[in-house]
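> Sequence and predicted structure below; questions after.
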Protein chains: 2
Amino acid sequence: MAIATIKWVRDCARIIDQTKLPNKLEYICCRDVDTMWHAIKRLSVRGAPAIGVAAAFGVLSGIRAFKGQDRGRFVKLVYDTCAYLATSRPTAVNLFNMLARMKAVIARHPQANVDQLNKALHQEAMDIFKEDQKVCRAIGDHGAALIKNGMTALTVCNAGALATVDYGTALGVFYSAQKMGRKFKVFSCETRPLLQGARLTCWELMRAKIDTTLICDNMAATLMRQKKIGIIFAGADRIAANGDAANKIGTYMLAVLAKHHGVPFYIVAPKSTFDLNIKSGAQIPIEERKPEEITHWNGIPAAPRGVKVYNPAFDVTPARLIHGIVTEYGIIRAPYVRNIKNIISRPKETSPGVKVKDL
Amino acid sequence: MAIATIKWVRDCARIIDQTKLPNKLEYICCRDVDTMWHAIKRLSVRGAPAIGVAAAFGVLSGIRAFKGQDRGRFVKLVYDTCAYLATSRPTAVNLFNMLARMKAVIARHPQANVDQLNKALHQEAMDIFKEDQKVCRAIGDHGAALIKNGMTALTVCNAGALATVDYGTALGVFYSAQKMGRKFKVFSCETRPLLQGARLTCWELMRAKIDTTLICDNMAATLMRQKKIGIIFAGADRIAANGDAANKIGTYMLAVLAKHHGVPFYIVAPKSTFDLNIKSGAQIPIEERKPEEITHWNGIPAAPRGVKVYNPAFDVTPARLIHGIVTEYGIIRAPYVRNIKNIISRPKETSPGVKVKDL
């Protein structure tokens, strides 16, 4: 039902080229790791969970052309491929987590030959893919409980089907709510500079017949002042042990505005987005991208030549501004350090103490 | 020294076509009122003070082709022209104020013939033009006192030379500070959807060799959190009797973020921007503009066809979020109702009780 953002098809990783949306629905077949690295780098595939799956599939693409039965050379190729893919983007922790899982396959099979390792790596990548599907549905169902009939929600960037292999995270909440028959509307921030909100979120939600209105990022404050926003959902690229969440630039702004206007602000993200190795958001590396993303449109300058530009791709929202983090295990609320530790480091089917509360 | 944004040249109003900046510096000669109406409507000329002058010059363009000595017909033409120009944009009060001044010329000369009226109207328009020049310099000097060496300021949209006939208002502060030898840097919000910050403010400030960095609007919050912004200056299109200020969409957002981060937020505007007939910002009409400004870039769609769009051109910043209003008489501070009344309705060379204070 959800669009196949990324899929393993006939021995290659097939991804939607999201840089072409909404004008063209085009696919890229990544038959080698270079193609996947560039696809991740230039955001043809993006969104933390989708990047995780893309990384796993990227490893498969990297070992695809391997010939022979030399385990040593094969293992080196797997590690080199993982190291290379890790350089594509610095912020989304799923990328590193999924590469770690692929490398762990090697460690778990010290006696396996090349064919067996190959098979085990394929199995692991497919497991990662299927887990993301399940996780999306669980997240959507937990988050949907927050959406009341008649509500209007706001979202930023694209934490949807196009950011995952299924329902999405923040947008998964809307798909689940729709399935439950809830009536609601969505405002989508266009999300400068790359317009993922305008190009991808509006495209996805309109395709699903969800009532969607596009705004510029600088209009969200006015909507909140007019009391038109009932709740805000944003995805995340990395969440620290204390609940600080890195997400697309503009998310922190929404969290501050939400606090000022008394609007509940939620982060929606799977377990794989948490990085318990880092204590707080201050330690999350923030990717800075090239000036042309801001200064040019379709190759035409929209700013004077040579202007200085600051272009951080992400910002960090401190946990104190977050009402709750919707995960596949339920909604994690403050105190975050304790609750994140309980739920994320010891996952269970349903974690006690984590309840979906009415707002 | 400042660029001639609008000027009466050889019997026509010559304006810079700001929709072409920064890629081309092109002029439009408004030889009839229609050309001026469309130039205002599509923002070839914009910025509250410049619109005021454009309206006055628009009246001159409208009466330019009048033949004969029928005072009745001539007066009707002046009123009709004013009524027509008043429909070009609803938010900037300067437009209405300057049209009112042009109409008042007629009322002040009940016995004058067509030639005399024509001459008096030209005189009034030139007075409006010259007053804006003087006002810009006075505003710049008052505001510059707020800029300390080493400070970094943030601004939005373009309240500069391109928005006035001289120095500008918010940017006039920078030009004055530069003249006084202050060392400072400026961040310019790109100002979606029409990118006046990227296209016009960066262009102007770079031309004046002021250290300028461009950001997307959704990056301002992150800069404030990093303590990189020392002060914020924004223009205004209309200010109510209580100090509520309508300005380009995104200004209110900055004011809320400034409050959260403890950054002083200033409005910079001349007396002509105040509308004491309205009590509060709630009564200021907010222009909504067409969806294509958001959905298209150089004619190429950047959002799905048919998406709903909300595109308010302005927002209202409540007076309680404003540290001070920099005017040609000095800096007006709270309590605004009393101080605005004192200063704006009874202008003097220097108003007592209005002091430029250190932050």
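Everything's here; your move.
> any chance you could map the strands in the stretch 1-150 of chain A?
A:6-9, A:12-16, A:27-30 (DSSP state E, counting those that start in this stretch).
> packing partners for the longest one?
Which is strand A:12-16. Counting contacts by 3 or more C-beta pairs under 8 Å, 6 or more residues apart in numbering or on different chains; DSSP states H and E, the secondary-structure elements packed against strand A:12-16 are strand A:6-9, strand A:27-30, helix A:48-63. The C-beta positions use only the backbone N, C-alpha and C, and glycine is treated the same way.
> how distant is it from the center of its chain?
A distance of 17 Å separates the centroid of the chain from that of strand A:12-16, by C-alpha atoms, centre = their mean, to the nearest Å.
> Next, format the strands of the stretch 1-150 of chain A as TSV and append distance to residue A:249 and mean neighbour count.
Putting the strands of the stretch 1-150 of chain A into TSV (distance: least, C-beta to C-beta, whole Å; neighbours: other C-beta atoms under 10 Å in any protein chain shown) gives the following:
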stretch	distance to residue A:249	mean neighbour count
strand A:6-9	24	18
strand A:12-16	23	22
strand A:27-30	25	18
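> Reformat those as TSV; add mean pLDDT and distance to residue B:81.
Output for the strands of the stretch 1-150 of chain A, formatted as TSV (pLDDT from 0 to 100; distance: least, C-beta to C-beta, whole Å):
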stretch	mean pLDDT	distance to residue B:81
strand A:6-9	94	61
strand A:12-16	95	55
strand A:27-30	96	58
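> Looking at those, spot the one closest to residue A:47.
strand A:6-9 (9.7 Å; C-beta to C-beta).
> Look up how far chain B lies from residue A:106.
Separation of residue A:106 from chain B (C-beta to the nearest C-beta, to the nearest Å): 39 Å.
> Now do the same contact list for that residue.
For residue A:106, the contact set (C-beta atoms under 8 Å, 6 or more residues apart in numbering or on different chains) comprises A:75, A:78, A:79, A:117.
> How many residues are close by the last one?
Just to be clear, that refers to residue A:117. Neighbours of residue A:117 under the rule other C-beta atoms under 10 Å in any protein chain shown: 20.
> any idea how far chain B is from it?
44 Å.
> One more: the third one?
Here the distance between residue A:79 and chain B works out to 35 Å (C-beta to the nearest C-beta).
> Count the residues that sit near that residue.
Counted with other C-beta under 10 Å, the neighbours of residue A:79 add up to 15.
> and it, what is it in contact with?
Residue A:79 is in contact with A:103, A:106, counting by C-beta under 8 Å, 6+ apart.
> Check the second one too.
Contact partners of residue A:78, counting by C-beta under 8 Å, 6+ apart, are A:59, A:62, A:63, A:102, A:103, A:106, A:117, A:121.
> Quick check: the gap between it and residue A:33.
Plainly put, residue A:78 is 11 Å away from residue A:33 if you go by C-beta to C-beta, to the nearest Å.
> Overlap in contacts, the two.
Contacts common to residue A:78 and residue A:33, judged by C-beta under 8 Å, 6+ apart, are A:59, A:62.
> Which residue ranges make up each domain of chain A?
Taking automatic domain parsing as the reference, chain A has its domains at A:6-136, A:142-344.
> mean confidence for the last one?
This means domain A:142-344. The predicted model assigns domain A:142-344 a mean pLDDT of 96.
> number of nearby residues for residue A:83?
Residue A:83: 11 neighbours (other C-beta under 10 Å).
> oh, I was asking about residue A:35
Counted with other C-beta under 10 Å, the neighbours of residue A:35 add up to 18.
> repeat for residue A:67
Residues near residue A:67, counting by other C-beta under 10 Å, number 8.
> got the contact list for it?
Counted by C-beta under 8 Å, 6+ apart, residue A:67 has zero contacts.
> ok, it to chain B distance?
45 Å.
> What pLDDT is listed against residue A:93?
Model confidence at residue A:93 (pLDDT) stands at 89.
> and the angle from the helix ranked longest in chain A to strand A:12-16?
Among the segments of chain A that qualify as a helix by DSSP state H, the longest is helix A:114-144. If you take axes from the mean of the first three to the mean of the last three C-alpha atoms, to 10 degrees, helix A:114-144 sits at 30 degrees to strand A:12-16.
> ok, back up a step: of the strands of the stretch 1-150 of chain A, which is nearest residue A:225?
Nearest to residue A:225, of all the strands of the stretch 1-150 of chain A, is strand A:12-16, at 36.6 Å by C-beta to C-beta.
> Where does pLDDT dip in the stretch 1-150 of chain A?
For the stretch 1-150 of chain A, the stretches with pLDDT under 70 are A:1.
> Rebuild the contacts of residue A:106 as TSV, extending it with distance to residue A:316.
Shown next, in TSV, are the contacts of residue A:106 (distance: C-beta to C-beta, whole Å):
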residue	distance to residue A:316
A:75	36
A:78	32
A:79	31
A:117	38
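> between those, which is closest to residue A:19?
Nearest member of these to residue A:19, counting by C-beta to C-beta, is residue A:78, at 28.8 Å.
> Many thanks, have a good one.
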